[in-house]
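Visitor: Coordinates only, no sequence provided:
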Ligand code: PHE
Ligand code: FE
């Protein structure tokens with residue numbers, strides 16, 4: 001059963017962003033985070049992410065105003081950004097995605113949490129997630145993901161879909177023109193992991209495979225020990241949209257999880273330098 005929203009939220013859990021309430025310090029914190037990450041990502045993020053930053057005018061000084069941002073984003077792909085009070089129930093989250101609404105926190109990390117925070121803030125949510133929503137193919141993937149999430153609840157397979165989100169939307173890598181690039185929001189919004197994910201020799205970099213991802217647990221408290229690499233957003237959209245997940249969930253019922261950082265027999269870490 002879905003819990004009721006807090007008293008100050010609407011029935012769909014949205015709240016006002018309350019943009020005028022941000023302090024000068026908070027705007028300055030956004031600007032610092034933005035400048036640092038935009039320059040670091042120039043030759044690390046997928047070009048569609050960088051194009052999204054430009055198209056949505058995210059370099060405009062100060063914390064983005066969701067109304068203004070949504071207007072540009074809606075013109076590009078029909079998506080909008082709405083504020084919620086932190087994490088919302090899964091069904092609420094999936095429902096918004098299936099309606100092309102991305103839910104974002106409206107608060108920004110404090111000065112002592114600049115490089116590490118436990119709950120996603122507006123910098124992670126907006127800088128990390130929103131630029132790719134301006135890409136038509138990725139935009140369709142996120143909507144399909146939301147619809148698939150609602151469906152997964154009927155099969156008690158939420159954890160399978162959460163893993164798919166984790167290893168694509170949050171921590172995905174993509175090979176483009178022979179080069180590995182970042183696209184996952186959890187990586188691009190992290191000053192340290194956006195270097196580690198591409199440069200460190202430690203983590204496994206595996207070819208994206210839907211069933212494999214669904215058998216792969218993840219950790220939320222440190223850099224990832226493994227990443228999955230897609231060839232294109234079209235590949236991601238097509239393989240997920242064209243697969244009926246119901247039989248897949250059924251076939252995975254007896255498949256054990258693959259421990260983090262280990263390979264299956266015969267599997268290779270395709271994208272690790274030799
Ligand atoms: N095809 C999936 C299903 O049958 C839905 C889905 C699409 C999930 C795209 C994720 C991404 O449930
Ligand atoms: Fe996120």
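Guide: Received the coordinates, thanks. All of these numbers come straight from a predicted model, not from anything done at the bench. Ligands and ions are numbered 1, 2, ... in the order given.

Visitor: Relative to residue 14, how far out is residue 38?
Guide: Per Cβ to Cβ, to the nearest Å, residue 38 is found 28 Å from residue 14. Backbone N, C-alpha and C define where each C-beta goes, glycine included.

Visitor: got it, and residue 42?
Guide: 34 Å.

Visitor: Okay, buried residues for stretch 21-38 please.
Guide: Neighbour counts over stretch 21-38 (16 or more other Cβ atoms under 10 Å) mark 22, 26, 29-30, 33-34, 37-38 as buried.

Visitor: Up against ligand 1, what does the chain have?
Guide: Counting by Cβ under 6 Å from any ligand atom, the positions of the chain adjacent to ligand 1 are 144-145, 148, 151, 240-241, 243-245.

Visitor: in which helix or strand would I find residue 249?
Guide: helix 245-252 (DSSP states H and E).

Visitor: How far does that helix sit from its chain's centre?
Guide: The chain centroid and the centroid of helix 245-252 are separated by 24 Å under Cα atoms, centre = their mean, to the nearest Å.

Visitor: Show me the contact partners of it.
Guide: 148, 151-152, 155, 157, 160-161, 210-211, 214-215 (Cβ atoms under 8 Å, 6 or more residues apart in numbering).

Visitor: State the pair within those residues that is farthest apart.
Guide: Using Cβ to Cβ, the two most remote members of the contacts of helix 245-252 are 151 and 215, lying 19.3 Å apart.

Visitor: show me what contacts the residue nearest to residue 176 when sequence neighbours are not counted?
Guide: Nearest residue to residue 176, sequence neighbours excluded (Cβ to Cβ, 6 or more residues apart in numbering): residue 46, at 5.9 Å. By Cβ under 8 Å, 6+ apart, the contact list for residue 46 reads 132, 174, 176, 181-183.

Visitor: okay if I get these as JSON lines plus secondary structure, neighbour count and pLDDT?
Guide: Putting the contacts of residue 46 into JSON lines (DSSP: H, G, I helix; E, B strand; the rest coil; neighbours: other Cβ atoms under 10 Å; pLDDT from 0 to 100) gives the following:
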{"residue": "132", "secondary structure": "helix", "neighbour count": "26", "pLDDT": "98"}
{"residue": "174", "secondary structure": "strand", "neighbour count": "24", "pLDDT": "98"}
{"residue": "176", "secondary structure": "strand", "neighbour count": "16", "pLDDT": "93"}
{"residue": "181", "secondary structure": "strand", "neighbour count": "23", "pLDDT": "98"}
{"residue": "182", "secondary structure": "strand", "neighbour count": "24", "pLDDT": "98"}
{"residue": "183", "secondary structure": "coil", "neighbour count": "25", "pLDDT": "98"}
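
Visitor: of all these, which two lie farthest apart?
Guide: 132 and 176 (13.3 Å).

Visitor: quick one: contacts for residue 269?
Guide: So residue 269 contacts 204-206, 263 (Cβ under 8 Å, 6+ apart).

Visitor: again, 6 Å this time
Guide: 204-205 (Cβ atoms under 6 Å, 6 or more residues apart in numbering).

Visitor: Can you say which helix or strand has it in it?
Guide: Here residue 269 is assigned to no helix or strand, by DSSP H and E.

Visitor: Tell me, what's the model's pLDDT at it?
Guide: The model reports residue 269 with a pLDDT of 88.
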